[in-house]
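Enquirer: 3D, please:
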Amino acid sequence: MGARAGGAERAVEAVFREEHGLLLASLVRRFGDLDLAEEVASEAVEAALVHWPVQGVPARPGAWLLTTARRKAVDRLRRDQVYAARLAALQVETDRSAPAPGADPGAELPDERLQLFFTCAHPALPAPARGALMLRCLAGLTTPEVARAYLVPQATMAQRIVRAKQKIRQARIPFRVPGADELPERLPGVLQVLYSVFTEGYAASSGPELQRPDLTAEAVRLVRILYRLLPTEREVAGLLALMLLVRARQDARTGADGELVLLADQDRSRWDRALIEEGTALVTAALTGGPPGPYAVQAAIAALHDEAPDLETTDWPQIVALYDVLSALAPSPVVALNRAVAVAMRDGAEAGLALLDGLAGEERLRGHHPYHAARGDLLRRLGRGPEAAAAYRRALDMAGTEPERAHLRRMLEAARRPA
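Expert: As a prediction, this is how the structure comes out:
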């Protein structure tokens, strides 16, 4: 009995993690309340832990959880007079005819996650809450797990999520997929949230670790889901390609002790060739059929890096050309910074430094440590040690993770040594 109970518990955990977004999206669609959906989903999991060790894991466990959660939602709504009007409007009595918890529901769990993507990334929500909601509702992470992902106290994250849910309810944010005329305006917001989650995992903004692989894995998983739901949207393919091509280098970015390893020094045999092949194929799809989008262009740049045997033989002229395209599509100081670094590789440190110095007035770059680190690198290559040291010092003051700070301390020491 103990082994069977343990197997059932593992099955519940696996199903809930894998199908959490499916379950929650279906419940929100049916009852129109995110809090209620989360509560009855949790109650359904508790019921599964009671029934499955005795009755066995059902053939369609996700649908079993959905049926059970719906019944519990109906019971709760019937007991709560505050929801009486909603109960009448939703006509949830029809759910009473659903199969009993021990029965096979006989239907697959409906996939309504696309609506949930757009709800969690709605522009009316505060920006810091959007990624948290995605991880909470679609990835199935607990509030403590989301808090750890963003390195904030659990209480802070719990409050952030609660306020976001209140905003959804009070602003009557609709649980729906935008129409064809709205999609071009709304989809970039969803993609930006997912990319922000990924970049926080790949290049953490603060903390003792350079990377948070679990967070990048969740971001990739969510974009894979979105790509399955929107297979004809080329920018979704572009974002998935970009994530896979960047993630392919993840293991080589840190050494045995967690120290930062720059692209020039990485052991490229450690790059994930399967991810590179998959990402490169997606780049082709993202670039085919019309003008490219920003994620497709960034993915094409990442593919050129991944295909090169070393830094020196990288196709820097093509990378600069792609940054020119990206600058026209989505101009930003960070794009200009990255283009300047590529120009330095193509035309020499002096040319790159001139471009970086031209960006000195950009407010966004003043507190962006990679800008100052890039200036330090180019100044050091030009033999201007004291200026390089000053740039590294500024970067060190701004860097958020300990591996980055350790690397900058090493560079600062090198720049201070006599030539």
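Enquirer: got the residue ranges for the helices in the stretch 1-150 of the chain?
Expert: Using DSSP state H, counting those that start in this stretch, the helices found in the stretch 1-150 of the chain span residues 2-31, 34-55, 61-79, 84-90, 113-120, 127-133, 143-150.
Enquirer: Would you confirm that residue 220 belongs to a helix?
Expert: Yes. Under DSSP: H, G, I helix; E, B strand; the rest coil, residue 220 falls within a helix.
Enquirer: mind listing what it touches?
Expert: 198, 240, 243, 244, 247 (CB atoms under 8 Å, 6 or more residues apart in numbering). Any C-beta I mention is one placed from the backbone N, CA and C, and that applies to glycine too.
Enquirer: Quick check: the gap between it and residue 149.
Expert: Distance check for residue 220 against residue 149: by CB to CB, to the nearest Å, it reads 14 Å.
Enquirer: can you check residue 203 too?
Expert: 14 Å.
Enquirer: okay, the two: which has more neighbours?
Expert: The residue with more neighbours, out of residue 203 and residue 149, is residue 149; 22 against 17, by other CB atoms under 10 Å.
Enquirer: With adjacent residues omitted, what lies nearest to that one?
Expert: Distance criterion CB to CB, 6 or more residues apart in numbering; nearest residue to residue 149, sequence neighbours excluded, is residue 215 at 5.0 Å.
Enquirer: Check residue 285 too.
Expert: residue 237 is the one closest to residue 285 (CB to CB, 6+ apart), at 4.8 Å.
Enquirer: Count the neighbours of that neighbour for me.
Expert: By other CB under 10 Å, neighbour count at residue 237 equals 26.
Enquirer: The contacts of residue 220 in strands, which ones?
Expert: Among the contacts of residue 220, no residue falls in strands (DSSP state E).
Enquirer: who touches residue 192 in this structure?
Expert: Contacts of residue 192 by CB under 8 Å, 6+ apart are residue 121.
Enquirer: got any ranges where the stretch 51-200 of the chain has weak pLDDT?
Expert: The stretch 51-200 of the chain contains residues with pLDDT under 70 at 81-110.
Enquirer: and with 90 instead?
Expert: 51-65, 73-113, 127-128, 135-143, 145-152, 169-184 (pLDDT under 90).
Enquirer: same thing with the stretch 201-350 of the chain?
Expert: Short version for the stretch 201-350 of the chain, where the test is pLDDT under 90: 204-207, 212, 214-215, 256-257, 289-290.
Enquirer: How far away from the center of its chain is the helix or strand containing residue 275?
Expert: Secondary structure from DSSP states H and E places residue 275 in helix 273-287. With CA atoms, centre = their mean, to the nearest Å as the basis, helix 273-287 stands 18 Å off its chain's centre.
Enquirer: what comes up buried for it?
Expert: By neighbour count on 16 or more other CB atoms under 10 Å, the buried set for helix 273-287 is 275, 276, 278, 279, 280, 282, 283, 285, 286, 287.
Enquirer: what's the burial count for residue 351?
Expert: When neighbours are counted by other CB under 10 Å, residue 351 comes out with 14.
Enquirer: quick one: contacts for it?
Expert: Counting by CB under 8 Å, 6+ apart, residue 351 has contacts 343, 344.
Enquirer: ok, it to residue 341 distance?
Expert: 11 Å.
Enquirer: before we move on, what about residue 264?
Expert: 12 Å.
Enquirer: More neighbours: those two, which one.
Expert: A count of neighbours by other CB under 10 Å puts residue 341 above the other of residue 264 and residue 341, at 21 against 10.
Enquirer: What does the residue nearest to the more buried one when sequence neighbours are not counted show for phi and psi?
Expert: In space, and not counting its chain neighbours, residue 341 is closest to residue 374: 5.5 Å by CB to CB, 6+ apart. Reported as degrees, to the nearest 10, the phi and psi values for residue 374 are phi -60, psi -40.
Enquirer: swap in residue 142?
Expert: Dihedral angles (degrees, to the nearest 10) for residue 142: phi -80, psi 170.
Enquirer: and the gap between it and residue 131?
Expert: Taking CB to CB, one finds residue 142 at 15 Å from residue 131.
Enquirer: And those two? Which one has more around it.
Expert: Neighbour count, other CB under 10 Å: between residue 142 and residue 131, residue 131 has more, with 24 against 11.
Enquirer: Quick check: that one touching residue 198?
Expert: No. With contacts counted by CB atoms under 8 Å, residue 131 stays clear of residue 198, the gap being 9.7 Å.
Enquirer: on that earlier part again, for the helix holding residue 275, name the packing helices and strands.
Expert: Secondary-structure packing of helix 273-287 (3 or more CB pairs under 8 Å, 6 or more residues apart in numbering; DSSP states H and E): helix 234-247, helix 294-307.
Enquirer: Out of those helices, flag the one nearest residue 254.
Expert: Nearest to residue 254, of all these, is helix 234-247, at 13.5 Å by CB to CB.
Enquirer: could I get the helices of the stretch 1-150 of the chain as JSON lines with distance to residue 391?
Expert: Shown next, in JSON lines, are these (distance: least, CB to CB, whole Å):
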{"stretch": "helix 2-31", "distance to residue 391": "44"}
{"stretch": "helix 34-55", "distance to residue 391": "47"}
{"stretch": "helix 61-79", "distance to residue 391": "54"}
{"stretch": "helix 84-90", "distance to residue 391": "60"}
{"stretch": "helix 113-120", "distance to residue 391": "39"}
{"stretch": "helix 127-133", "distance to residue 391": "30"}
{"stretch": "helix 143-150", "distance to residue 391": "29"}
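Enquirer: Can you say which of these is nearest to residue 356?
Expert: Per CB to CB, nearest to residue 356 of these: helix 127-133, 28.0 Å.
Enquirer: Show me which positions of the closest one end up buried.
Expert: 129, 130, 131, 132, 133.
Enquirer: how far away is residue 328 from residue 22?
Expert: Distance from residue 328 to residue 22, by CB to CB: 39 Å.
Enquirer: Could you check which of these two has the larger neighbour count?
Expert: Higher neighbour count among residue 328 and residue 22: residue 22, with 23 against 11, using other CB under 10 Å.
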